[in-house]
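[1] For reference, the sequence and a predicted model appear below.
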Amino acid sequence: MNSRERTKKAIKFGTPDKLPISHAVLPASQLKYGPALAEILIEFRDDFGWDTMADLPKDDYPAAYKQGQHVDDFGVTWHCEWDGIVGIPDGPIKNLNQYDDYIWPEVFSAGQPDGRLYSGHMCGFDERWYARGAWINTFEPMHFLHGFENIFMAVAEESPAFYRLLDDMVNFNLAWIDKWVKLEYDGLHFADDWGSQNSMLIRPATWRRIFKPRYAEMFKRVKDAGMDVWFHSDGHINDIAGDLIEIGVDVINCQVAAMGFDWVANNMRGKVAFRTDIDRQHVLGTGSPSQVKEEVFRTFEACGTLQGGIVACGEVGPDLPLENIIAMYEAFRDYRP
């Protein structure tokens, strides 16, 4: 069973021969550990084409990852203290009453990038691996553009200008999706963080009324093209997990520890596949290697079934000791449901 077959079977609960692995490595970790980390990532091979691409050179990092102050395509200025870790945004839309003055960028190109950044998930199609493209955000660029506090006030007020910004963002994404679905990919990746530590960032009813139908429209375009929908969201998103599954998410990347292992097992297991997140707050950075392995197994037990449902993944940040990174990947290899 090759990587592509293995991943498809894991996603569709078709009993893969072993767990597919997806690397998620902050560039700062690669800068810190260099060849030592590279050896680990080669030994525990990714199933998404990671080892067919070279790392993006530091000088070519996008604005959000490059030390100093740099402006991205949306006109957002990023203030970054370190290379390889996302900085703090300062957006150009200070007042939605002046939204008419904002000029949108050209819709982004689709396809394989020049180099690898964070993961190899945008590698082009090949029978040897599962090709997962894109990283499509909707709500996050809105608060990058308008400011974090400002956007929540705008959600509460629901002004015409807010809806113009939202629908322009969705239309931008739909045009970008149209480029992706013309290419030969197995799935496309969406991402927006909707959870705080203990609750949603906005009322679930508000999310369902405003954002759910717009996600559904984007997801449908992907599903109609025969591709899988992958969705990342950090925090306590329990209230909308079922909604995401309902509108077409095939693989979810959520913080199981924040949501509760028992809750995830009782409400999501078997209904959606997981690109897992191993607890970065309390275990990966400060736990012992044995505790890391226990956490991996605990997460897999909450997420997977005997037939599959797991893409093994845990974010590698620069705060993780090398021995814990090794322990996490050893647990990926050794786990048996």
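    In hand now; what should we look at?

[2] make it CA atoms for all contacts and neighbour counts henceforth
    Will do.

[3] what are the ranges of the helices in the chain?
    Counting by DSSP state H, the chain has helices at residues 3-11, 27-33, 35-43, 139-146, 148-157, 160-180, 204-210, 212-224, 238-246, 256-259, 261-267, 289-303, 322-334.

[4] Quick check: beta-bridge partners of the spatially most central residue of the chain?
    The geometric centre of the chain, computed from its C-alpha atoms, lies nearest to residue 232 (C-alpha atoms, centre = their mean), at 3.9 Å. Beta-bridge partners of residue 232, counted by DSSP bridges, are residue 191, residue 253.

[5] For it, give me its contacts.
    By C-alpha atoms under 8 Å, 6 or more residues apart in numbering, the contact set of residue 232 is 189, 190, 191, 192, 193, 252, 253, 254.

[6] What about those residues, which one has the most neighbours?
    residue 252 (26 neighbours; other C-alpha atoms under 10 Å).

[7] so that one touches residue 230, yeah?
    Yes. Residue 252 is in contact with residue 230 according to C-alpha atoms under 8 Å; the separation is 5.8 Å.

[8] Distance-wise, check the spatially closest residue to residue 291 that is not a sequence neighbour relative to residue 323.
    Spatial nearest neighbour of residue 291, excluding adjacent residues (C-alpha to C-alpha, 6 or more residues apart in numbering): residue 283 at 7.0 Å. From residue 283 over to residue 323 the distance is 13 Å, taken as C-alpha to C-alpha, to the nearest Å.

[9] Likewise for residue 57?
    26 Å.

[10] Excluding residues flanking it in the chain, which one is nearest residue 121?
    Residue 121's closest residue in space is residue 132 (C-alpha to C-alpha, 6+ apart), at 5.2 Å.

[11] quick one: pLDDT of the one you found?
    At residue 132, the model reports a pLDDT of 96.

[12] Could you check how far it is from residue 147?
    Distance, residue 132 to residue 147, using C-alpha to C-alpha: 30 Å.

[13] residue ranges for the strands of the stretch 51-200 of the chain, please.
    For the stretch 51-200 of the chain, applying DSSP state E, counting those that start in this stretch gives strands covering 68-71, 77-80, 88-90, 132-136, 187-191.

[14] re earlier: residue 74 is nearest to which of the helices of the chain?
    Closest to residue 74 of the helices of the chain is helix 139-146 (C-alpha to C-alpha; 7.5 Å).

[15] so what secondary structure elements neighbour that closest one?
    If you count contacts as 3 or more C-alpha pairs under 8 Å, 6 or more residues apart in numbering; DSSP states H and E, helix 139-146 packs onto strand 88-90, helix 148-157, helix 160-180.

[16] Ranking the ones you listed by mean neighbour count, which comes first?
    Mean neighbour count, computed with mean count of other C-alpha atoms under 10 Å, is highest for strand 88-90 among the helices and strands packed on helix 139-146, reaching a mean of 20.

[17] Can you list the strands that that strand pairs with?
    Short version: by DSSP bridges, strand 88-90 pairs with strand 77-80 (antiparallel).

[18] Could you export the strand it pairs with as PDB, CA atoms only?
    Extracted in PDB, the C-alpha atoms of strand 77-80 (Å, rounded to 0.1, in the frame of the first residue of the first chain):
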ATOM      1  CA  THR A  77       2.100  44.600   7.900                       C
ATOM      2  CA  TRP A  78       3.500  41.800   9.900                       C
ATOM      3  CA  HIS A  79       5.800  42.500  12.900                       C
ATOM      4  CA  CYS A  80       7.900  39.400  13.500                       C
END
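
[19] as a whole number, average confidence for it?
    For strand 77-80, the mean pLDDT works out to 98.

[20] What of stretch 277-292?
    Mean pLDDT, stretch 277-292: 96.

[21] Point out where the chain drops to low pLDDT.
    When residues are selected by pLDDT under 70, none of them lie in the chain.
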